[in-house]
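Novice: Just to be clear, the model below is a prediction. Sequence and coordinates:
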Amino acid sequence: MPSLRQGMIALLLMSLAGCDGSSSPVMSTVTSTTSLHSETPVTLRLYGYGEEEYTSGGAAAQHFIDTLSLIEPSLTVTPVWDQVPDEEGAARAVLDGTADLGLVSSRGWDDAGVTGLRAIETPFLVNSTRLLSDVVRSDLGSTMLGRLADSGAVGLALVPEGLWYSMGATTPLRRPEDFRGRRILTPESPTSWALLRALGAIPVYATGVRDGSVSLLDLAAANIATGNVAFGAKVDALAINAVTAARLSPAQLDAVRRAGTATTAWATRHLPTGRDAAQGFCLTAGQTVSAGAADVAALRAAAQPVVDRLDRDPTTRADIAAIRRMKAQIGPAPSVNCPGQHGSPGEYDGTYRNVVTVHALRKAGVTDEGALVDVPGVWTWRLDRGTLHVTQRHTTGPDRGTVSVQDVGCTSRAGLLEIFWNHEYDPASQAPLAREEFAVSVEPDASLGLTQVGDDGGDPAGFLLDSVVLRHWARID
């Protein structure tokens, strides 16, 4: 008959798994531990690097510690955050047995010569938190974690922390020339520093003068983020030294593994979306900008030699291909923007013109006299990095010969153009109050055709008007 203590442990583990009481690897292990007090007490030291203690990685480490103590009280884990100079030092401490456990990012393992997680660092590959979550939970994630065994460690958990963005201190970093000659702060690794050098930057990892950083939004060392270009992802691997693992009893080692599995599930559930990650950044005077389509292409072209070097390793090449297949199933990544700062990926940046005549409006069936007076004219749209500059030269009515000008916000993604007609936002959700979304078709001559998304036909007059105004925008630049 289970003891009262065992019943309480099971109840606590159910709360960790979620209020729905769904099964989890942790819950399934509780009843298999028949004698919680028969194991020899063991204290394990878990190493991490300094600042990690205060990040989501540190929170995941604490979750692992707490979960393990519930599953197997004979095991005590003491976190140590101040004994190594960098992430590589934490990885090496696990490999040489100085530490029993370690929480180290993929690039820290890479620095220490453990390359099985390297595909995660591929420039511009993992570009959304959804893709990051999918990779961590996939069979590929388990396979990559298992490769730590080749170096003397046993992988226990992959912990996703978020996406890396470029951030400028005084000016944006959104095209290769913005990086040239600039001192950019980012933790050292073969891949991340090779990328910065490929962009012409000077990578640094020290306090002092710097022109920008490539980092998580919640660890921002600069305040102008390019929100539509994720340079990569940060994933930590929690591992135990192989010799330490061999010294544990089967029940203890089983508990360690199960706590690791539970930690991956917990970290994935609590992985912040791009919007959530941006919230604190934006509240501390952060700004977001966007790179245009040509700028994104230039960044990728500059990074290609780094990708090519990764591709030379057959294992890494296969991992990259697998992640690309997952990515293709998800679709375009959302842009990260501060509320009220709408950045466009710039896919349709350019200048377009549409001449609207009274005749065309009448032919389409428009009968509203106000529209027949106000709408005709030479309309010019200039899409420029998240701003739509609208100009109308009136050709009818009392305003004939005059020009009206308006600047509004916009974003573009995956065949859609979103326009924000004013700068008013809902105070609770920060959602724009005047917003329209249009499906975009691009003609061979680069002209645009727009169709409003979500038009339910409730405004027939507006539908007729849109059929003329939105039908064809000729590119003129």
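Specialist: Looks like it arrived, so ask away.
Novice: Tell me how many other residues crowd Pro41.
Specialist: Pro41 has 9 neighbours, counted by other C-beta atoms under 10 Å. Just so you know, the C-beta spots here come from the backbone N, C-alpha and C atoms, and that holds for glycine as well.
Novice: That one and Asp134, how far apart?
Specialist: Pro41 sits at a distance of 39 Å from Asp134 (criterion: C-beta to C-beta, to the nearest Å).
Novice: same thing with Cys338?
Specialist: 26 Å.
Novice: what does Arg175 give?
Specialist: 29 Å.
Novice: same thing with Gly331?
Specialist: From Gly331 to Asp134 the distance is 12 Å (C-beta to C-beta).
Novice: Pick out whichever of those two has more residues nearby.
Specialist: Asp134 (20 against 12).
Novice: my guess is that one contacts Ile330, does it?
Specialist: Yes: applying C-beta atoms under 8 Å as the test, Asp134 and Ile330 come out as touching, 7.4 Å apart.
Novice: hang on, Tyr352 in a helix?
Specialist: No: counting by DSSP: H, G, I helix; E, B strand; the rest coil, Tyr352 is located in no helix; its state is strand.
Novice: What is the neighbour count of the nearest residue to it once chain neighbours are set aside?
Specialist: Setting aside the residues directly before and after it, Tyr352 is nearest to Trp473 in space (C-beta to C-beta, 6 or more residues apart in numbering), at 3.8 Å. For Trp473, the count of nearby residues is 24 (other C-beta under 10 Å).
Novice: Surely Trp473 touches Ala446?
Specialist: No: using C-beta under 8 Å, Trp473 is not in contact with Ala446; the gap is 9.9 Å.
Novice: tell me the domain ranges of this protein?
Specialist: What automatic domain parsing lists as the domains of the chain is 1-32, 33-330, 350-475.
Novice: Could you report the neighbour count for Gln304?
Specialist: 14.
Novice: and it, which of the three is it?
Specialist: Gln304 is classified as helix under three-state DSSP.
Novice: What's the mean pLDDT across the lengthiest strand in the chain?
Specialist: Determined from DSSP state E, the single longest strand within the chain is strand 224-241. For strand 224-241, mean pLDDT is 93.
Novice: Sheet partners, orientation included, of it?
Specialist: strand 101-105 (antiparallel), strand 153-168 (antiparallel), strand 287-289 (parallel) (DSSP bridges).
Novice: Now the element after the longest one, going C-ward?
Specialist: Taking DSSP states H and E as the definition, the helix or strand that follows strand 153-168 towards the C-terminus is helix 176-179.
Novice: So what touches that following helix?
Specialist: Residues from elsewhere that reach helix 176-179 (C-beta atoms under 8 Å, 6 or more residues apart in numbering): 166, 168, 171-173, 196, 199-201, 298-299, 302.
Novice: Most tightly packed of the domains of the chain?
Specialist: domain 33-330 (a mean of 20; mean count of other C-beta atoms under 10 Å).
Novice: Which residue ranges of the stretch 301-450 of the chain form helices?
Specialist: Under the criterion DSSP state H, counting those that start in this stretch, the stretch 301-450 of the chain contains helices at 314-330, 358-364, 369-374.
Novice: closest to Trp109 out of those?
Specialist: When those are compared by C-beta to C-beta, helix 314-330 sits nearest Trp109, at 13.2 Å.
Novice: Let me know the angle separating that closest one from strand 224-241.
Specialist: Between helix 314-330 and strand 224-241, the angle formed by their directions is 130 degrees, by axes from the mean of the first three to the mean of the last three C-alpha atoms, to 10 degrees.
Novice: Tell me which residues are up against helix 314-330.
Specialist: 115-116, 118-120, 122, 125-128, 130-131, 134-135, 138, 140, 144, 307, 310-311.
Novice: Okay, the residue nearest to Gly232 when sequence neighbours are not counted and Gln252: tell me how far apart.
Specialist: Distances taken as C-beta to C-beta, 6+ apart place Trp164 nearest to Gly232, at 4.9 Å, with adjacent residues excluded. From Trp164 across to Gln252, the span is 36 Å (C-beta to C-beta).
Novice: Residues in a beta bridge with Gly168, which ones?
Specialist: Applying DSSP bridges, one finds that Gly168 bridges with Gly212, Ile224.
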